[in-house]
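Enquirer: sequence below, structure please.
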Amino acid sequence: MAVFEFRVPASAIAVLLTTTAAHAELTAKQVWDSWKAQMGIYGESGISIGGESLVDGVLTVSGLTLQTTNDTGDMTGDLGDMIFTELGDGTVEVTMAESMTFAVNSETGMGAATAMNVTVTQADMSIVASGTPEAIEYEVSATRYAILVGDLVTNGQPTDGSFMFGLNDLGGTYSTTGTDDLMAVIYAMDAGSMDMLIDMIDPESGNDINITGTLQDLSMTADAEIPLAAMAAAGDSPDPAFPPGLSVDAGYSFGPSNYVVNVVEDGMATAATADIAAGEFDVVLNEGAVEVAMSTTGLNLTMTVPMLPVPVTVSLAGYGASLAMPMAADAAPQDFGMALNLTDLMVSDDLWAMLDPGVILPRDPASVVLDVSGTMMVLSNLMDPAAQAEMAATGAPPALPVTVDLNELLVRFGGAEITGSGAFTFDATDTTTYAGTPLPIGSIDLAINGANGLMDKLVLMGLIPEDQVMMGKMMLGMFAVPAGDDMLTSTIEFTPDGGILANGNQIQ
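Expert: Residues are numbered from 1 along each chain as shown. Predicted coordinates for the structure are as follows:
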């Protein structure tokens, strides 16, 4: 599939975000003057103004156009007219064009040149500013806000296809405080529904791709501090570091959603449908740390593929992942954590019948859970490419573990289950025993139930040779001790002298 890439300077993104709902004052002229000050960070390449007319508290700005250029391409856009109306009660209403168009040309690092037209439509868009110049709040609503990408051209060849993303019944609040150098932005937006469409023929493979999706009850929040000058400098740099002072705490959640995918490849069709009960995503991003968490519940997926005679049906009670990682160098240990869960995975009986026609394996739901936390020493700023390049040149690691806690381990499949927990500390004075890694000291406790029975069933199914299963049972016997009928336990210990013990027995 063709790859489309265009790096708009971060300064341009910041201004496009803020010019639709930021820095309005209590008069129409003050609103527009503030917006123009923000646009000034573009320099010579940016937004051009056709004309301004102020009559009886109504300021009309006409002929707004956008033009940006960087080392990957250029973008031009027609923003239409903007009207700033003083409502007489200390608020200002901003009216924008219902349709704005942009032309994007780019070149990727893989030698592909692309061009496309982007149309933004905003039906019944209303933006009303209130408050004070130091603390501005906006009330925003629209019946529909949509982005349409079309007229795709790859290496001079037209591409038959389009992309669409739309929000319906949009409403919420947006507030800004600060100065021209550092802007604090807080918003809370809700949409009754969202819809999307991807309909195209891949110019490289000729595959026909059609994807549609809808979701209900979308809620979006953000709390950000945006250093405009630093964003501009980072966006214009060929190897940008994380802009100092930038901080984002954002997320979204959604209710019931469904998706339909159809792909025709070499005349053969693949179709899939998916529905989700609910989901959410949250991210915290700043110079010092990154935190990301996502979760989804009630997933049901059905696929029909040419090489299988029956549909593939999969359900999940839930799945999710999270990561919390320090990014800035510090003389003291910093907390980190990661987690993954895949809860109650089930597949259809038709698919089970192909894999296990004799019903040898139990068809209980499968689950995987992993939860790890601890502390680490960050030795070099992980957000700075220059600092990372310097560390790579010396061969030194950018970070080292100090403590690691295995809070939960769970693997459940085919009637077998493995659970575990443990804790380790790391001795940074010894990096030779384990080839550059600080010496681990601690232990992990494991409980293994039903493993022998599962291996026997896999032999009956012909999936694993019997001699390999015998070897596996021997290995379990070396590292685990019986605790009941097909129940084993094991304690693996890493000692301060570099030894490894299994249930008290030396294995290294």
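Enquirer: quick check: buried residues in the strand or helix carrying residue 127?
Expert: Using DSSP states H and E, residue 127 maps to strand 126-132. By neighbour count with 16 or more other Cβ atoms under 10 Å, strand 126-132 contains the buried residues 126-131. Just so you know, the C-beta spots here come from the backbone N, C-alpha and C atoms, and that holds for glycine as well.
Enquirer: tell me the least confident of those?
Expert: For the buried residues of strand 126-132, the minimum pLDDT belongs to residue 131; the value there is 78.
Enquirer: does that residue touch residue 137 like I think?
Expert: Yes. Here residue 131 reaches residue 137: they are 4.7 Å apart, a contact under Cβ atoms under 8 Å.
Enquirer: pLDDT of stretch 408-415, averaged?
Expert: Averaging pLDDT along stretch 408-415 gives 95.
Enquirer: so what touches it?
Expert: With Cβ atoms under 8 Å, 6 or more residues apart in numbering as the test, stretch 408-415 has contacts from 361-362, 364-371, 417-421, 446, 450, 453-454, 457.
Enquirer: against residue 473, how distant is the spatially closest residue to residue 434 that is not a sequence neighbour?
Expert: What sits nearest to residue 434 in space, not counting adjacent residues and going by Cβ to Cβ, 6 or more residues apart in numbering, is residue 440, at 7.2 Å. Counting by Cβ to Cβ, to the nearest Å, the separation of residue 440 from residue 473 is 28 Å.
Enquirer: can you check residue 277 too?
Expert: Per Cβ to Cβ, residue 277 is found 41 Å from residue 473.
Enquirer: for residue 271, same thing?
Expert: Distance, residue 271 to residue 473, using Cβ to Cβ: 43 Å.
Enquirer: name the helices or strands packed onto the strand holding residue 127?
Expert: Judged by 3 or more Cβ pairs under 8 Å, 6 or more residues apart in numbering; DSSP states H and E, strand 126-132 is in contact with strand 92-96, strand 135-154.
Enquirer: right, so those strands: which one is the most enclosed?
Expert: For those, average neighbour numbers computed from mean count of other Cβ atoms under 10 Å are highest in strand 92-96, which has a mean of 20.
Enquirer: for the helix or strand following it, which strands pair with it and how are they oriented?
Expert: Going down the chain from strand 92-96, the next helix or strand is strand 99-107, by DSSP H and E. Applying DSSP bridges, strand 99-107 is found paired with strand 73-86 (antiparallel), strand 113-123 (antiparallel).
Enquirer: just the buried positions in strand 99-107, please.
Expert: Going by neighbour count (16+ other Cβ under 10 Å), the buried part of strand 99-107 is 100-102, 104-106.
Enquirer: Throw those into JSON lines and include pLDDT and distance to residue 350, thanks.
Expert: Shown next, in JSON lines, are the buried residues of strand 99-107 (pLDDT from 0 to 100; distance: Cβ to Cβ, whole Å):
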{"residue": "100", "pLDDT": "90", "distance to residue 350": "49"}
{"residue": "101", "pLDDT": "90", "distance to residue 350": "49"}
{"residue": "102", "pLDDT": "90", "distance to residue 350": "48"}
{"residue": "104", "pLDDT": "89", "distance to residue 350": "45"}
{"residue": "105", "pLDDT": "87", "distance to residue 350": "49"}
{"residue": "106", "pLDDT": "83", "distance to residue 350": "45"}
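Enquirer: and of these, the nearest to residue 221?
Expert: Lowest distance from residue 221 to these (Cβ to Cβ) belongs to residue 100, with 25.4 Å.
Enquirer: pull the contacting residues for residue 63.
Expert: 48-51, 81 are the contacts of residue 63 under Cβ under 8 Å, 6+ apart.
Enquirer: helix or strand for it, which one?
Expert: strand 58-70.
Enquirer: that strand pairs with which strands, and in what direction?
Expert: Strand 58-70 has these partner strands in its sheet, going by DSSP bridges: strand 47-48 (antiparallel), strand 51-55 (antiparallel), strand 73-86 (antiparallel).
Enquirer: dump it to PDB, keeping only the CA atoms.
Expert: The C-alpha trace of strand 58-70 is given here as PDB (Å, rounded to 0.1, in the frame of the first residue of the first chain):
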ATOM      1  CA  VAL A  58     -18.700  43.000  13.400                       C
ATOM      2  CA  LEU A  59     -15.200  42.200  12.000                       C
ATOM      3  CA  THR A  60     -15.000  40.400   8.700                       C
ATOM      4  CA  VAL A  61     -11.700  38.900   7.700                       C
ATOM      5  CA  SER A  62     -11.700  37.800   4.100                       C
ATOM      6  CA  GLY A  63      -9.400  35.800   1.800                       C
ATOM      7  CA  LEU A  64      -7.600  33.800   4.400                       C
ATOM      8  CA  THR A  65      -5.100  31.300   2.900                       C
ATOM      9  CA  LEU A  66      -2.500  29.000   4.400                       C
ATOM     10  CA  GLN A  67       0.800  28.000   2.900                       C
ATOM     11  CA  THR A  68       3.600  26.000   4.600                       C
ATOM     12  CA  THR A  69       6.700  24.300   3.200                       C
ATOM     13  CA  ASN A  70       9.200  21.900   4.700                       C
END
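Enquirer: mean pLDDT, mean neighbour count and distance to residue 402 added to the strands paired with strand 58-70, as a markdown table?
Expert: Listed next are these as a markdown table, based on pLDDT from 0 to 100; neighbours: other Cβ atoms under 10 Å; distance: least, Cβ to Cβ, whole Å:
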| stretch | mean pLDDT | mean neighbour count | distance to residue 402 |
| --- | --- | --- | --- |
| strand 47-48 | 80 | 17 | 49 |
| strand 51-55 | 92 | 11 | 60 |
| strand 73-86 | 89 | 18 | 45 |
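Enquirer: just so I know, which of those lies nearest residue 61?
Expert: Of all the strands paired with strand 58-70, strand 73-86 comes closest under Cβ to Cβ, at 4.7 Å.
Enquirer: quick one: low-confidence ranges for the stretch 351-500 of the chain?
Expert: Scanning the stretch 351-500 of the chain for pLDDT under 70 picks out nothing.
Enquirer: show me the helices in it, by range?
Expert: Applying DSSP state H, counting those that start in this stretch to the stretch 351-500 of the chain gives helices spanning 385-394, 451-460, 466-479.
Enquirer: got a list of contacts for the longest one?
Expert: The one in question is helix 466-479. With Cβ under 8 Å, 6+ apart, helix 466-479 has contacts from 448, 451-452, 455-456, 458-459, 488, 490, 492, 502-503, 507.
Enquirer: what is the nearest of the residues you listed to residue 157?
Expert: Nearest member of the contacts of helix 466-479 to residue 157, counting by Cβ to Cβ, is residue 458, at 50.5 Å.
Enquirer: who's in contact with that closest one?
Expert: By Cβ under 8 Å, 6+ apart, residue 458 lies in contact with 464, 469.
Enquirer: repeat that with 7 Å
Expert: Going by Cβ atoms under 7 Å, 6 or more residues apart in numbering, residue 458 touches residue 464.
Enquirer: distance check, it against residue 72.
Expert: On the measure of Cβ to Cβ, residue 458 and residue 72 end up 51 Å apart.
Enquirer: ok, now residue 280?
Expert: Distance, residue 280 to residue 72, using Cβ to Cβ: 33 Å.
Enquirer: distance from the chain centre to stretch 380-396, please.
Expert: Remark: stretch 380-396 is offset 24 Å from the chain centroid, using Cα atoms, centre = their mean, to the nearest Å.
Enquirer: actually stretch 431-450, not the one I typed
Expert: Relative to its parent chain, stretch 431-450 has a centroid offset of 31 Å by Cα atoms, centre = their mean.
Enquirer: which of the contacts of stretch 408-415 count as buried?
Expert: For these, a burial check counting by 16+ other Cβ under 10 Å picks out 361, 366-371, 417-420, 446, 450, 454, 457.
Enquirer: follow-up on the earlier one: what's across from the residue nearest to residue 434 in the sheet?
Expert: Note on residue 440: beta-bridge partners by DSSP bridges are residue 426.
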